[in-house]
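*Asks:* Pasted the sequence and its predicted model underneath.
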Amino acid sequence: MIRDITLGQYFPGKSPIHRLDARTKIIATFMFIVEMFIVNNFWGFVIAGIGLFTVIGISRVPLKFIFRGLTAVFLIIAFTFIINLFMFDGRILWHWWIFKITYEGLIRACFMVIRLVLLILGSSILTLCTKPIALTDGLEKLLRPFSRFGVPSHEIALMMTIALRFIPTLMEETDKIIKAQQARGADFESGNILRRAKSLIPILVPLFISSFRIAQELALAMEARCYHGGDGRTRMNEIHFNKEDVVAAVWMVAFLGIIIGSRFIR
Amino acid sequence: MSIEINNLRYVYNPGMPGETVALNDVSLTIGDGEMVGIIGHTGSGKSTLLQHMNGLLKPASGDVFVDGQCITDGKANLVDIRRKVGLVFQYPEYQLFEETVAKDVAFGPRNLGIEGEELDKTIQEAIEIVGLNYNEIQNSSPFELSGGMKRRVAIAGVIAMRPSVLILDEPTAGLDPTAHREILSMIRRINDNREIIIIFVSHNMDDIANMCSRVVVMDKGKVSLEGTPQEVFAQGRLLESMGLDVPPVVHIMNKISDEVSGFYSSALTIDEAAKDIREYIKRKK
């Protein structure tokens, strides 16, 4: 049940996308997100979609796997669609009591949903094709120039590493606790909202206690190995830009140009 | 009361990159009042097998019958099955959540609809059968107890549901010798008093040899050996090839019969070994 969430999961592979420097991929994803807000008509989305699916094709991550990430945020997408659908004035297509659907609202709703879906798919490629450790290393390096202005780049990266590292651990823990309470006859599926919320207590209390225990053990283990923060810390694998990253950068700039150009398509 | 498992198969992450066959064609029958030990290397499928016995996991194929009733056909009443088959997970003390011991033990029976005086009686019985003092402990927080006591409270929480089968997954892991002994004598007491089927997983071969009437050996998702402790622990080589071992007593007896001609012993426990050695010495005189 909990294991079905693919958002933020890594899919092992050896494709060119997997091999790119994490920094390139972070910048590319950031650019893609910005580009999705530059787009102002459906042609832009068609172009963005072609670009996105080309990258997915190269990455060789099965489509099934990528779209599974969408099911987790289906509610948000549906909510966006409905809010946009009813909130615009214009040519009325259908109406009942105080609800009305306008032509402009329908267009707007489709537009927002496509934008949201592309944003989610685009950013899930980053995590699907980049090992969490590489991702945080890349982020640390990207943030390093800002440490002059007091941005704690190493600490931010470390926090992210730890958070990512413990997602599977906590999921396993949750799974175990749920099963243990089910074995004691707990029922999480029936009853009204209040009852169901109450039935979560036997899961949340042990989970909280476990996470504090895990955090304390980790802190002790780090202290025991003389961890003292980012100053003067070297790393085993230095990351470097390669020829592939240059090629990717050229494509990224070209893509940005095309997207800006798409604004003028009538 | 019996448990019957036929050709059970279970796969983790089917169709995903991490696909693993955890159980492959496992068949097993466990009868009334038995005390069965399950041993196997980490990842051999023991815990997966246990979770099928009370319907927490659904098999890819195969059936599980509890008390003659099929629990894998989707029609079974799971609450009823979980009442009959109590499952105590590894480190069960991590599932405690209530303010007081009595309230925590009450969680299971309350889910089954037991209320009022009967509930109080059930709680008291359960706490006493795990060897704790009800009056002393009922109002203290489970988080203030020692590790061994916490574990016994957690086990009491399952026993309070009055199961006919009690499954324990490594009940003694991580306990000091005193707590270890107490848990074992508690298990024996439960088996004697209530004629409950007990199934327990352990990595301690000594415990298995001392406690169980039957041993099931799991290897790579299959039952690779099954029989009385004598039969199973006579297969030292085979067990070693599966990453397991025989009880220390067996090692010593084998060493002695290698060195001393005319001595042979199939003893599994210290008492049996002492008896065999005494008899040998008597015979020599």
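*Replies:* In hand now; what should we look at?
*Asks:* C-alpha only now, for contacts and for neighbours.
*Replies:* Fine.
*Asks:* Report the central residue of chain B.
*Replies:* The centre of chain B sits closest to residue B:200, judged by C-alpha atoms, centre = their mean, with a distance of 1.1 Å.
*Asks:* ok, the residue of the stretch 51-200 of chain A found nearest chain B - contacts?
*Replies:* Here the residue of the stretch 51-200 of chain A nearest chain B is residue A:184; by C-alpha to the nearest C-alpha that distance is 4.7 Å. Residue A:184 makes contact with B:82-83, B:86, B:107-109, B:111, B:157-158, B:161 under the criterion C-alpha atoms under 8 Å, 6 or more residues apart in numbering or on different chains.
*Asks:* Confirm that the residue nearest to the centre of chain B sits in a strand.
*Replies:* Yes: per DSSP: H, G, I helix; E, B strand; the rest coil, residue B:200 lies within a strand segment.
*Asks:* pretty sure residue A:206 contacts residue B:93?
*Replies:* No: at 9.2 Å, residue A:206 and residue B:93 do not qualify as touching, with contact defined as C-alpha atoms under 8 Å.
*Asks:* Find residues that contact each of the two.
*Replies:* When C-alpha under 8 Å, 6+ apart defines a contact, no residue borders residue A:206 and residue B:93 alike.
*Asks:* Can you give me the domain assignment for chain A?
*Replies:* Segmentation of chain A into domains, based on automatic domain parsing, reads A:1-130+A:237-266, A:153-233.
*Asks:* could you dump these to JSON lines with mean pLDDT and distance to residue B:275?
*Replies:* Supplementary listing: the domains of chain A in JSON lines, determined by pLDDT from 0 to 100; distance: least, C-alpha to C-alpha, whole Å:
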{"stretch": "domain A:1-130+A:237-266", "mean pLDDT": "85", "distance to residue B:275": "54"}
{"stretch": "domain A:153-233", "mean pLDDT": "86", "distance to residue B:275": "43"}
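*Asks:* What helix or strand is the closest residue to chain A within the stretch 1-150 of chain B located in?
*Replies:* Minimum separation of the stretch 1-150 of chain B from chain A (C-alpha to the nearest C-alpha) falls at residue B:108, amounting to 4.7 Å. With elements taken from DSSP states H and E, the one containing residue B:108 is helix B:101-111.
*Asks:* Following element in sequence after that helix, please.
*Replies:* Past helix B:101-111, heading to the C-terminal end, the next element that is a helix or strand (DSSP H and E) is helix B:116-129.
*Asks:* helices or strands next to the helix or strand that comes right after that next one in the packing?
*Replies:* Remark: after helix B:116-129, the chain's next helix or strand is helix B:134-137, criterion DSSP H and E. Contact analysis of helix B:134-137 by 3 or more C-alpha pairs under 8 Å, 6 or more residues apart in numbering or on different chains; DSSP states H and E lists helix B:116-129 as its packing neighbours.
*Asks:* can you list the residues that contact the helix it packs on?
*Replies:* Applying C-alpha under 8 Å, 6+ apart, the contact partners of helix B:116-129 are B:102, B:105-106, B:109-110, B:133-134, B:153, B:156-157, B:159-160, B:186, B:189-190.
*Asks:* Can you give me the buried ones in it?
*Replies:* By neighbour count, and taking 16 or more other C-alpha atoms under 10 Å in any protein chain shown as the criterion, the buried residues in helix B:116-129 are B:119, B:122-127, B:129.
*Asks:* And the strands in chain A, which stretches?
*Replies:* Assigned by DSSP state E, the strands in chain A fall at A:92-96, A:99-102.
*Asks:* okay, now the residue nearest to residue B:233 when sequence neighbours are not counted: neighbour count?
*Replies:* Distances taken as C-alpha to C-alpha, 6 or more residues apart in numbering or on different chains place residue B:246 nearest to residue B:233, at 5.7 Å, with adjacent residues excluded. The burial metric for residue B:246, expressed as a neighbour count using other C-alpha atoms under 10 Å in any protein chain shown, is 22.
*Asks:* if we can go back for a sec, would TSV of the buried residues of helix B:116-129 with pLDDT and distance to residue B:9 be doable?
*Replies:* Shown next, in TSV, are the buried residues of helix B:116-129 (pLDDT from 0 to 100; distance: C-alpha to C-alpha, whole Å):
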residue	pLDDT	distance to residue B:9
B:119	93	38
B:122	93	37
B:123	94	37
B:124	94	40
B:125	91	38
B:126	92	35
B:127	93	37
B:129	89	36
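*Asks:* what comes up buried for stretch A:204-215?
*Replies:* Applying a neighbour-count criterion of 16+ other C-alpha under 10 Å, the buried positions in stretch A:204-215 are A:204, A:206-207, A:209-210.
*Asks:* Figure out how far that stretch is from the centre of its chain.
*Replies:* Distance of stretch A:204-215 from its chain centroid, counting by C-alpha atoms, centre = their mean, to the nearest Å, is 25 Å.
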